[in-house]
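Engineer: need coordinates for the below:
(one chain, ligands or ions: 1)
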Amino acid sequence: MTLASELRQAGSLDELYRLLTPLNTGPGWNKPMPSLWDQPRKTFVPYCWRYDQAKAALDAAGRLINTDLAERRNLILFNPVPGNDYATTRTLLAAYQMILPGERARSHRHTPNALRLVLDAEDGAYTIVDGVKLYMRAGDVLLTPNWSWHGHGNESPAAAYWIDFLDTPLIHALEPMFFESHPKQYEPVSEIASHSPMRFTWEDTMQRLDQLPTGTQIPLGGSAMATIALSMMLLQPGVETQTHRTTANNIYAVAQGGGVTVIDGESFSWTRGDVIAVPAWRPHSHCANEESIMFRVTDEPVLEKLSLLRRKIGN
Ligand SMILES: [Fe+2]
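Structural biologist: Alright, predicted model coming up:
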């Protein structure tokens, strides 16, 4: 009897299922998991990572591994849900990185968009983006968009620390990953720039935020990256921002100050350098206990382009 005849003559649903399995075919009416649900699931969880702990771990790593062995000396902030050892939220990754005095991190390029918020750096820490050397200081944000060459170095006497943000989890899901090491290992510098569309300095951010009401966000970079939007948000002490949720994923990093963020009923206190993951569709609000500046990294442009961006005010 042919398989088709066997299928046609199946005497029970169980027999039909048994015959279907080796054909990699399943009954849509009998799935263990539904494929549609009424609102976004809470797959990823809210979480806060501490800069003081990350810094201590990076200092240890500085003793134990050098930039010859590690392409980047960084600490991945993975969301604590079963089966995940990489993504910070569904589409975004955050990682602390440190580079010692005199070190250079090799140049490479990749399709994931990347950027960094500098936490501590003395004069002489730099990133080279497509041959342009950009010095970086605490509070600066530097972009290395999709397929731009980038490497780092530190000519200062102190270790430099920053937080990297990438859309690698999104690229993993969509598959268009390409990576290339620079043929010369360390990309030659063609120019040292004092101004660049790839760098947003702390001074500019402070000037732009001056006198603005609490919760105001200023965008950094417009559409420099297709998948990630960035903003800096001013929080005045004691003024709570409006609770809201969005289908976009948000990662907040504390550029200055201290306070508390309530996410889906859970409180996370934070201080400078901490990283807070607010996965999609989690109501949240911030309240600073001193004048604070939060850096927001979001996949909003992706949701927007796909007509999937929704917001809701309140809990
Ligand atoms: Fe990179």
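
Engineer: quick one: secondary structure of E15?
Structural biologist: Secondary structure, DSSP: H, G, I helix; E, B strand; the rest coil: E15 is helix.

Engineer: same check, this time on E240
Structural biologist: E240 - assigned by three-state DSSP - is coil.

Engineer: tell me the spacing between the nearest residue to it once chain neighbours are set aside and F268.
Structural biologist: Nearest residue to E240, sequence neighbours excluded (CB to CB, 6 or more residues apart in numbering): C287, at 4.3 Å. Placement of C-beta: from N, CA and C, glycine included. The spacing between C287 and F268, counted by CB to CB, to the nearest Å, is 11 Å.

Engineer: what do you get for A159?
Structural biologist: Distance from A159 to F268, counting by CB to CB: 27 Å.

Engineer: before we move on, back to that, need the overlap of contacts for C287 and F268.
Structural biologist: V260, T261, V262 (CB atoms under 8 Å, 6 or more residues apart in numbering).

Engineer: show the contacting residues for L143.
Structural biologist: Counting by CB under 8 Å, 6+ apart, L143 has contacts N113, A114, L115, V129, P197, M198, R199, G221, A224, M225.

Engineer: quick one: it is in a helix?
Structural biologist: No - L143 is assigned strand when assessed by three-state DSSP, not a helix.

Engineer: if I look at it, how far off is L230?
Structural biologist: 8 Å.

Engineer: okay, strands next: where are they in the stretch 201-315 of the chain?
Structural biologist: Using DSSP state E, counting those that start in this stretch, the strands of the stretch 201-315 of the chain run over 217-220, 229-235, 244-246, 250-256, 258-263, 266-271, 275-278, 284-288, 292-298, 311-313.

Engineer: and A10, how many residues sit next to it?
Structural biologist: For A10, the neighbour count with other CB atoms under 10 Å is 14.

Engineer: I'd guessed it sits against L19; true?
Structural biologist: Yes - between A10 and L19 there is a contact under CB atoms under 8 Å: 6.0 Å.

Engineer: so for stretch 168-175, mean pLDDT?
Structural biologist: For stretch 168-175, mean pLDDT is 98.

Engineer: tell me where the stretch 1-150 of the chain has helices.
Structural biologist: Taking DSSP state H, counting those that start in this stretch as the criterion, the stretch 1-150 of the chain carries its helices at 3-8, 13-20, 51-64.

Engineer: in contact with W147, which residues?
Structural biologist: W147 neighbours (CB under 8 Å, 6+ apart): R109, H110, T111, F178.

Engineer: ok, it to A226 distance?
Structural biologist: 11 Å.

Engineer: then F268?
Structural biologist: In this view, F268 and A226 are 30 Å apart by CB to CB.

Engineer: more neighbours: which of the two?
Structural biologist: Comparing F268 with A226 by other CB under 10 Å, the one with more neighbours is F268, at 20 against 12.

Engineer: not counting sequence-adjacent ones, nearest residue to that one?
Structural biologist: Ranked by CB to CB, 6+ apart and with sequence neighbours excluded, the top spatial neighbour of F268 is C48, at 4.0 Å.

Engineer: which residues touch the one you found?
Structural biologist: By CB under 8 Å, 6+ apart, the residues touching C48 are T261, F268, S269, W270, D274, V275, I276, A277.

Engineer: turn these into TSV, including distance to I171.
Structural biologist: Output for the contacts of C48, formatted as TSV (distance: CB to CB, whole Å):
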residue	distance to I171
T261	28
F268	28
S269	33
W270	28
D274	26
V275	20
I276	23
A277	19
